[in-house]
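Asks: structure here, sequence nowhere to be found:
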């Protein structure tokens, strides 16, 4: 449960999360916020508060009106930037920070909002290139203890009671943007050749994507692979972490992403990664060393990249070990928090 406390009088940082739906932005925010709370007197505003940070409500926010000591308001969405600007205009002493993960040209409103921020962070060099203003690049990190390789991957897989000896996974909401259809098409080609593998899809099916999900199920049934392509649905984060430990290979199939947190979650878990060149993949993965990169949306390329690893699971394990080492060196959660804190200090 979140730490329930009276807000400290020397509060320094507000972490707003103004979306009720759990998303990738929420997930990345939840992971780094407790690390920041260990360095700053911080509070989380909104749903999905993680452990390790004080929780504040909107009544608590009202009490900060016309406070003399400034507060950092770290937004990650347009509505959070708008709220910060409105509050500051009405007398809240806010210093506004925004983190951008988008890899596209921003709409006029977003460009204007970004210009009003006191500091901007981008999650990759590519994201920074679309901002049209100075930004500090801070790549996401991952909790390397929570996302850690199992002591025995075969035993971890056996716990799932799935057919075969190895698992290959694709996580994220079931939709075209995540490339779930690309993964299913590749599995329909590969699984008949490699009977020791089972494929696992973990992620929510939102109502507007139900037709897309039904089409995937029909494709799986037509291939006779209902028992070997498992659609697990949306799971609690602890169960997702267990699934990573069961995987030998992880397929990152997004057509476009802001960052793509599953990249470093899989790598941290010691899983061999085959990743589409979307999000931060090209900045995170050393092609051929800590993973294999493929063009987004390309079923043929995905099949060609996955097949050698399915043919030789020992080679996949070796890539997973190198991937884990890279995350420990470059993409730990503490490294991300330290870099964000350095931006705060400049303010």
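Replies: Cool, the structure landed. On a predicted model such as this, the values are computed, not experimentally measured, just so you know.

Asks: nearest spatial neighbour of residue 253, skipping sequence neighbours?
Replies: Closest residue in space to residue 253, ignoring its immediate chain neighbours: residue 179 at 3.1 Å, by C-beta to C-beta, 6 or more residues apart in numbering. Just so you know, the C-beta spots here come from the backbone N, C-alpha and C atoms, and that holds for glycine as well.

Asks: contacts only, for the one you found.
Replies: When contacts are counted by C-beta atoms under 8 Å, 6 or more residues apart in numbering, residue 179 touches 170, 253, 254, 255, 276, 296, 297.

Asks: go with 10 Å
Replies: 170, 172, 185-186, 251-257, 276, 278, 296-299, 302 (C-beta atoms under 10 Å, 6 or more residues apart in numbering).

Asks: report pLDDT for the closest residue in space to residue 198 that isn't next to it in sequence.
Replies: The shortest distance from residue 198 to any non-neighbouring residue, by C-beta to C-beta, 6+ apart, is to residue 162 (4.5 Å). We have a pLDDT of 94 for residue 162.

Asks: mind listing what residue 162 touches?
Replies: Going by C-beta under 10 Å, 6+ apart, residue 162 touches 197, 198, 199, 200, 227, 228, 230, 246.

Asks: so how far is residue 27 from the last one?
Replies: Remark: distance between residue 246 and residue 27 (C-beta to C-beta, to the nearest Å) = 20 Å.

Asks: ok, which stretches of the stretch 201-347 of the chain are helices?
Replies: Assigned by DSSP state H, counting those that start in this stretch, the stretch 201-347 of the chain shows helices spanning 210-222, 237-246, 262-268, 281-284, 299-311, 313-330, 333-346.

Asks: for residue 13, which of these is the nearest?
Replies: Distance to residue 13, taken as C-beta to C-beta, is lowest for helix 333-346 among the helices of the stretch 201-347 of the chain, at 7.3 Å.

Asks: what angle do the closest one and helix 313-330 make?
Replies: Interaxial angle of helix 333-346 relative to helix 313-330 (axes from the mean of the first three to the mean of the last three C-alpha atoms, to 10 degrees): 20 degrees.

Asks: for helix 333-346, packing partners?
Replies: Counting contacts by 3 or more C-beta pairs under 10 Å, 6 or more residues apart in numbering; DSSP states H and E, helix 333-346 is packed against strand 13-16, helix 24-37, strand 71-75, strand 94-100, strand 119-122, strand 136-137, helix 313-330.

Asks: returning to that earlier point: let's have the helices of the stretch 201-347 of the chain in TSV, adding mean neighbour count and mean pLDDT.
Replies: Listed next are the helices of the stretch 201-347 of the chain as TSV, based on neighbours: other C-beta atoms under 10 Å; pLDDT from 0 to 100:
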stretch	mean neighbour count	mean pLDDT
helix 210-222	14	95
helix 237-246	17	95
helix 262-268	28	96
helix 281-284	20	93
helix 299-311	19	98
helix 313-330	17	96
helix 333-346	17	95
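
Asks: please name whichever of these is nearest to residue 146.
Replies: Residue 146 sits nearest to helix 237-246 of all the helices of the stretch 201-347 of the chain, at 5.7 Å, using C-beta to C-beta.

Asks: quickly find the element holding the residue nearest to residue 198.
Replies: Assigned by DSSP states H and E, residue 162 belongs to no helix or strand.

Asks: check the gap between the residue nearest to residue 182 when sequence neighbours are not counted and residue 163 for me.
Replies: Once flanking residues are discounted, residue 182 sits nearest to residue 253: 4.6 Å by C-beta to C-beta, 6+ apart. Between residue 253 and residue 163 the computed distance is 22 Å (C-beta to C-beta).

Asks: again, but for residue 239
Replies: For residue 239 relative to residue 163 (C-beta to C-beta), the value is 20 Å.

Asks: ditto for residue 255
Replies: Residue 255 is 30 Å from residue 163, by C-beta to C-beta.

Asks: can you check residue 31 too?
Replies: Residue 31 is 33 Å from residue 163, by C-beta to C-beta.

Asks: neighbour-wise, which of these two wins?
Replies: When neighbours are counted by other C-beta atoms under 10 Å, residue 31 and residue 163 differ, and residue 31 comes out ahead with 22 against 12.

Asks: and the more buried one, what does it touch?
Replies: 50, 140-143, 146-147, 237, 261, 265, 333, 336-337.
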